[in-house]
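Chemist: Just the structure for this:
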Amino acid sequence: MEAIRKVVDGSLLDNIISLPQHFQNKKVEIIVLPVEEPMKSLKITAVEMDSILAGSITESLMGILPNDGKTLADYREERLQKYEYTD
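Modeler: Coordinates of the predicted model:
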């Protein structure tokens, strides 16, 4: 990010910005930075949201494992058996 820094007499800024009285006739530092524009949010209608959430993609996004009351160890054992390499 690029910035510009300049030291000027405070009275030069009278027509640009209001400064406190104790800044008058004193050197002040001006730093100019670009303002980052926030990203525009995407507006989605309820109908579009329903179509996005329909189908198997939704299930994969909402959670990989359904809550079946299994412990983590149960899921681990199930996965190890499913993907176990056998020759």
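
Chemist: What is the distance between the longest helix along the chain and the centre of its chain?
Modeler: Identified as the longest helix of the chain according to DSSP state H is helix 72-82. On the basis of CA atoms, centre = their mean, to the nearest Å, helix 72-82 sits 35 Å off its chain's mean C-alpha point.

Chemist: In the chain, what helix or strand scores lowest on average pLDDT?
Modeler: helix 56-62 (a mean of 54; mean pLDDT, DSSP states H and E).

Chemist: buried set for stretch 16-30?
Modeler: V28 (16 or more other CB atoms under 10 Å). C-beta: built from backbone N, CA, C; applies to glycine.

Chemist: So what would you say the end-to-end distance of it is?
Modeler: 12 Å (CA to CA, to the nearest Å).

Chemist: and P38, which of the three is it?
Modeler: Three-state assignment for P38 (DSSP: H, G, I helix; E, B strand; the rest coil): coil.

Chemist: Roughly how far does it sit from M49?
Modeler: 22 Å (CB to CB, to the nearest Å).

Chemist: out of these two, which sits in the more crowded spot?
Modeler: M49 (10 against 6; other CB atoms under 10 Å).

Chemist: So, low pLDDT: which residues of the chain?
Modeler: Applying pLDDT under 70 to the chain picks out residues 51-67, 85-87.

Chemist: switch to 90 and redo it
Modeler: 1-3, 9-25, 34-87 (pLDDT under 90).

Chemist: give me every residue that touches Q24.
Modeler: G10, S11 (CB atoms under 8 Å, 6 or more residues apart in numbering).

Chemist: circling back: buried residues, the longest helix of the chain. List them.
Modeler: Buried residues in helix 72-82 (16+ other CB under 10 Å): none.

Chemist: CA atoms only: put that helix into PDB for me.
Modeler: Provided in PDB are the C-alpha atoms of helix 72-82 (Å, rounded to 0.1, in the frame of the first residue of the first chain):
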ATOM      1  CA  LEU A  72     -15.200 -40.000  17.000                       C
ATOM      2  CA  ALA A  73     -13.500 -43.300  17.600                       C
ATOM      3  CA  ASP A  74     -16.500 -45.100  15.900                       C
ATOM      4  CA  TYR A  75     -16.200 -42.900  12.800                       C
ATOM      5  CA  ARG A  76     -12.400 -43.400  12.700                       C
ATOM      6  CA  GLU A  77     -12.800 -47.200  12.800                       C
ATOM      7  CA  GLU A  78     -15.500 -47.100  10.100                       C
ATOM      8  CA  ARG A  79     -13.300 -45.000   7.800                       C
ATOM      9  CA  LEU A  80     -10.200 -47.200   8.500                       C
ATOM     10  CA  GLN A  81     -12.200 -50.300   7.500                       C
ATOM     11  CA  LYS A  82     -13.700 -48.600   4.400                       C
END
